[in-house]
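> Here is the input, now give the coordinates:
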Amino acid sequence: QVTVHVIQGRNMRELDPQPRQRRTRTVQVRHQEELIGKTKGVRCSSEPDFGDSFVIQVDPKGDSEGWNVLGLFVYDSESSKDATPDFAGRIQIDMSDLRFGDTSGWFRLHDDHEIRPPNLNTRERLWLGEVRPLPQIKGSIYLKLQVRNRWSHLPAIPPIDAFAQFHELELPRVCDEHPDLNKQQRLDMVH
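I've put the predicted structure just below:
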C-alpha cells in the first residue's frame, strides 16, 4: 500500500498569463494508467497548496505490467465546464525504487509530447506570421510517499548471514555427493 500526499507546488508557470476566466489547477494521480483521484481545484498560482492524499494498493508480485509506475499529471482549467484543461506537467515515479517508510521531497515537473504535442494550438500561437513556441513546463511539487503493508508495524525478518546460508545450501549438497565421509571430513570439505 502506498499513500501519496500531494502537498504543494513551487515555481510553477501559469500557462495562460492573461486568462479570460478564473483558472484552477489540479493534480491527477494515476496508477497503471487508471485514475486514482485528483486534488481539489486550487486557484492557479506559482505556489499552489494542494493538501490531498490518495491510497494505492500495489502488488509488486502481480502479473500486471506497469505495477510500479505512479504518474501525477497537472492540469490548468477554466471555470467553464466546456473548456478543455491545459496540460501543465507530469511527474513519473518508479515505485519499485521506494522502500518501506516515508519518502518526501520536491519532484520536478516534465513535459509530455504525447499529451502536449509541439503543434498544439498553432493558430492561437500565430503572431506576425510566426508560430510562437509553447510555454515551457517548469516547477515542482512537494510529495510525501508512505509505503506500508499490513505487517509493516512488525519488525523485519532478520537476514540470513552468509555462514548460515552456506551451511543451509552447500552442506546438504556435499553430504549427498560424499555419503561415505564422516561429519568432520564433510565440514573440512566445505571450509
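
> what's in contact with stretch 38-51?
With CB atoms under 8 Å, 6 or more residues apart in numbering as the test, stretch 38-51 has contacts from 6-14, 19, 22-29, 52, 76-77, 139, 141. Placement of C-beta: from N, CA and C, glycine included.

> tell me the helices in this structure, going along the chain?
When assigned using DSSP state H, the helices of the chain occupy the ranges 162-177, 183-190.

> Lowest average pLDDT across those helices?
Ranked on mean pLDDT, the bottom entry among the helices of the chain is helix 183-190, at a mean of 66.

> Kindly tell me how buried Leu35 is, as a neighbour count.
For Leu35, the tally of surrounding residues (other CB atoms under 10 Å) stands at 11.

> typo on my end, Glu78
Residues within reach of Glu78, counting by other CB under 10 Å, total 18.

> Tell me which helix or strand in the chain has the weakest average pLDDT.
Using mean pLDDT, DSSP states H and E, the weakest-scoring helix or strand in the chain turns out to be strand 126-127, at a mean of 64.

> you'd agree Ala88 is up against Lys138?
No: shown here, Ala88 and Lys138 do not form a contact pair, counting by CB atoms under 8 Å, at 9.6 Å.

> can you list residues touching both of these two?
When CB under 8 Å, 6+ apart defines a contact, the residues bordering Ala88 and Lys138 alike are 12-13, 109.

> Redo those as CSV? Include neighbour count and distance to Phe100.
Converted to CSV, the shared contacts of Ala88 and Lys138 look like this (neighbours: other CB atoms under 10 Å; distance: CB to CB, whole Å):
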residue, neighbour count, distance to Phe100
Met12, 23, 31
Arg13, 16, 35
Leu109, 22, 27
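
> Closest one of those to Gln92?
Distance to Gln92 across these (CB to CB) is lowest for Leu109, with 10.5 Å.

> what's the distance between the closest one and Asn11?
Spatial separation of Leu109 from Asn11 under the definition CB to CB, to the nearest Å is 9 Å.

> low-confidence ranges in the protein?
The chain contains residues with pLDDT under 70 at 14-22, 59-66, 79-83, 117-133, 149-168, 171, 183, 186-191.

> where do the contact lists of Leu109 and Asn11 overlap?
Residues touching both Leu109 and Asn11 by CB under 8 Å, 6+ apart: 138-140.

> Name the nearest of these relative to Ile93.
Ranking the shared contacts of Leu109 and Asn11 by separation from Ile93, with CB to CB as the measure, puts Ser140 on top at 12.9 Å.

> in the sheet, who's paired with that closest one?
Listed by DSSP bridges, the beta-bridge partners for Ser140 are Arg10, Arg108.
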